[in-house]
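Peer 1: Have a look at this prediction, sequence included:
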Amino acid sequence: MESEVMPRQMHLNAFDMACGCDYARRLEAGLFDGIFFADVVGVYDVLGGSPDAALRGGVQVPVNDPMLLIPAMAAATQHLGFGVTANLTYEAPYLFARRMSTLDHLTQGRIGWNIVTGYLDSAARAAGYQAQAAHDDRYDLADEYMALMYALWEGSWEEGAVLRDRATGRHADPARVHAVHHHGKQYRVDALHLCEPSPQRTPLLYQAGASARGTRFAATHAECVFINGHGKPGVKKIVDELRAQAVQQGRAANDVKVFLGASVICGRSEAEARDKYEDYRRYADPEAALAHAAASMGIDFAKYEMDEPIVTGQSQAIVSNVDAMTRSAGPQWTKRKLLEQMPLGSRQPPLVGSAEQVAEALIGWTEECGVDGFNLSRSVVPECFDDFIAQVVPILQERGAYKTAYAEGTLRRKLFARDRLPASHPVAGHRV
């Protein structure tokens, strides 16, 4: 008898923002790998040149600082990881390095950093700039920023520098703690890292760039890459190109895990799921959806009629979002086509079906496109996550496509079976 080939086990993150409730314990009960906190440091004011639509619809405003929530959530859980978005353009690198090391200590190695360079002019103005830098220039800045981060996290304190020797009263060996001297185009730092090495040293590195420049940055630095897409051929192409570029950088293809954004509405039957979907659609706000899309694409949709072709031009916002829409709807897409793609306001059409249909679809994405897992967006919380955990997770486990227990250790160990970044990563060049 031929043995049955089991599907690959997928990873799951809940995708959310610090705009509402806390359900860390729920997610840990469902064996989620982590909760992924998106974040913005500006308001969505591209639609009509005003933040009014975002304020009326509560579109990611008000938004609190997600970093301040994590210690409390970590104290209430044992295994759940926390991926937090932080915009390096507006974070002083020396202090940010300390903050992330502190979080890695407080979570016992369960912190990850989603590296972003920003896309909102409103954020740039709030930080004292006239406008944000050009898209590719922001990634050039990010490369230098990462080199400085690696030097602080990996090159300041040697292994074994911390003694805690009660007999001699020595806490650390000064000969094994080194000042970082970084004199770059954007940053100048001459200082010791203020934190002793945390469980992961460098936090787990997420990145969501899917433009040509963003993919190159991700292939160089990221361990987990978050992508959005509308069709399997397009997603597979992104995954294959990303891993090929990682190999060109001297890394292994499996050094990078890819998480696909997904919105799921499931039920005990397809009919039940469809009923939920129709109910949710009653509360969807097209103006709020356009406010979010306008900011992320850098296009003021208020200037266009519903069926007027959109002129995309050269965006300085999220270039990959514009490209994804063009791939899915063609070069002459309109506001109507855009809203059809995001009926609940999310970037991707929701996956609606019975628990069995949803499980089969997710397994299909992993098998056919090579994605390693999913960032599950919330539609209605905590209902959507509760339904997924109660109905879909058991089916995935029965199929061998999802874990039945957590592995021990840090977030990186759970995902990659190691606590520290490997020697093939650029971080190695900054180690003592």
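Peer 2: That came through, no problem.
Peer 1: How far does stretch 226-239 sit from its chain's centre?
Peer 2: In terms of CA atoms, centre = their mean, to the nearest Å, the centre of stretch 226-239 is set 15 Å apart from its chain centre.
Peer 1: Please identify the pairing partners of the strand ranked longest in the chain and their relative orientation?
Peer 2: As assigned by DSSP state E, the longest strand anywhere in the chain is strand 257-267. Using DSSP bridges, the strands paired with strand 257-267 are strand 224-227 (parallel), strand 351-354 (parallel), strand 373-377 (parallel).
Peer 1: So for residue 415, which of those sits nearest?
Peer 2: Proximity to residue 415 (CB to CB) singles out strand 224-227 among the strands paired with strand 257-267, at 7.2 Å. (C-beta placed from N, C-alpha, C; glycine too.)
Peer 1: How about residues contacting that closest one?
Peer 2: Here strand 224-227 makes contact (CB atoms under 8 Å, 6 or more residues apart in numbering) with 36, 83, 112, 114, 204-210, 218, 235, 238-239, 242, 256-261, 320, 371, 375, 415.
Peer 1: Show only the entries of these found in strands.
Peer 2: Here DSSP E is the test, and the contacts of strand 224-227 give 36, 83, 112, 114, 204-207, 257-261, 375 as lying in strands.
Peer 1: can you give me the strands for the stretch 151-300 of the chain?
Peer 2: Secondary structure of the stretch 151-300 of the chain (DSSP state E, counting those that start in this stretch): strands at 162-165, 170-172, 180-183, 188-191, 204-207, 224-227, 257-267.
Peer 1: Could you dump those strands into JSON lines with mean pLDDT, mean neighbour count and distance to residue 361 added?
Peer 2: Converted to JSON lines, the strands of the stretch 151-300 of the chain look like this (pLDDT from 0 to 100; neighbours: other CB atoms under 10 Å; distance: least, CB to CB, whole Å):
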{"stretch": "strand 162-165", "mean pLDDT": "96", "mean neighbour count": "12", "distance to residue 361": "48"}
{"stretch": "strand 170-172", "mean pLDDT": "96", "mean neighbour count": "13", "distance to residue 361": "52"}
{"stretch": "strand 180-183", "mean pLDDT": "98", "mean neighbour count": "14", "distance to residue 361": "47"}
{"stretch": "strand 188-191", "mean pLDDT": "98", "mean neighbour count": "13", "distance to residue 361": "48"}
{"stretch": "strand 204-207", "mean pLDDT": "97", "mean neighbour count": "26", "distance to residue 361": "24"}
{"stretch": "strand 224-227", "mean pLDDT": "95", "mean neighbour count": "27", "distance to residue 361": "17"}
{"stretch": "strand 257-267", "mean pLDDT": "96", "mean neighbour count": "23", "distance to residue 361": "9"}
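Peer 1: Could you dump those strands into JSON lines with distance to residue 381 added?
Peer 2: Output for those, formatted as JSON lines (distance: least, CB to CB, whole Å):
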{"stretch": "strand 162-165", "distance to residue 381": "41"}
{"stretch": "strand 170-172", "distance to residue 381": "44"}
{"stretch": "strand 180-183", "distance to residue 381": "41"}
{"stretch": "strand 188-191", "distance to residue 381": "40"}
{"stretch": "strand 204-207", "distance to residue 381": "21"}
{"stretch": "strand 224-227", "distance to residue 381": "19"}
{"stretch": "strand 257-267", "distance to residue 381": "12"}
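Peer 1: which one of these lies closest to residue 306?
Peer 2: So among the strands of the stretch 151-300 of the chain, strand 257-267 is nearest, using CB to CB, at 23.4 Å.
Peer 1: Where does pLDDT dip in this protein?
Peer 2: Within the chain, the ranges that satisfy pLDDT under 70 run 1-3, 19-21, 313-324, 326-331.
Peer 1: Report the buried residues of the biggest helix by length in the chain.
Peer 2: Secondary structure of the chain per DSSP state H: the longest helix is helix 135-155. Buried positions in helix 135-155, judged by neighbour count with 16 or more other CB atoms under 10 Å: 135-136, 138-142, 144-155.
Peer 1: what's the answer for stretch 58-73, then?
Peer 2: By neighbour count on 16+ other CB under 10 Å, the buried set for stretch 58-73 is 59-61, 63, 66-67, 69-70, 73.
Peer 1: Narrow the residues you listed to those in helices?
Peer 2: Residues of the buried residues of stretch 58-73 located in helices (DSSP H): 70, 73.
Peer 1: Let me have the buried residues of stretch 58-73 in CSV, adding distance to residue 274 as columns.
Peer 2: As requested, the buried residues of stretch 58-73 are exported to CSV (distance: CB to CB, whole Å):
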residue, distance to residue 274
59, 26
60, 28
61, 32
63, 32
66, 33
67, 39
69, 34
70, 36
73, 34
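Peer 1: of all the buried residues of stretch 58-73, which comes closest to residue 271?
Peer 2: In terms of CB to CB, no member of the buried residues of stretch 58-73 lies closer to residue 271 than residue 59, at 31.3 Å.
Peer 1: Does that closest one touch residue 291 like I think?
Peer 2: Yes. Using CB atoms under 8 Å, residue 59 is in contact with residue 291, at 5.0 Å.
Peer 1: who touches both of the two?
Peer 2: Common contact partners of residue 59 and residue 291 (CB under 8 Å, 6+ apart): 44, 53.
Peer 1: how far away is the residue nearest to residue 309 when sequence neighbours are not counted from residue 297?
Peer 2: Of all residues not flanking residue 309 in the chain, residue 332 sits nearest, at 4.5 Å (CB to CB, 6 or more residues apart in numbering). In this view, residue 332 and residue 297 are 16 Å apart by CB to CB, to the nearest Å.
Peer 1: Then residue 126?
Peer 2: The value you get for residue 126 to residue 297, if CB to CB is used, is 20 Å.
Peer 1: Who has more neighbours out of these two?
Peer 2: residue 297 (24 against 13; other CB atoms under 10 Å).
Peer 1: Thought residue 325 was touching the more buried one, still the case?
Peer 2: Yes. Using CB under 8 Å, residue 297 is in contact with residue 325, at 7.4 Å.
Peer 1: check which helix or strand covers residue 361.
Peer 2: Using DSSP states H and E, residue 361 falls within helix 355-369.
Peer 1: returning to that earlier point: so which of the ones in strands among the contacts of strand 224-227 comes closest to residue 393?
Peer 2: Nearest to residue 393, judged by CB to CB, of the ones in strands among the contacts of strand 224-227 is residue 375 at 15.9 Å.
Peer 1: and the gap between the nearest residue to residue 269 once chain neighbours are set aside and residue 261?
Peer 2: Among residues not flanking residue 269 along the chain, residue 354 sits closest, at 5.3 Å (CB to CB, 6+ apart). Distance of residue 354 to residue 261, given as CB to CB: 22 Å.
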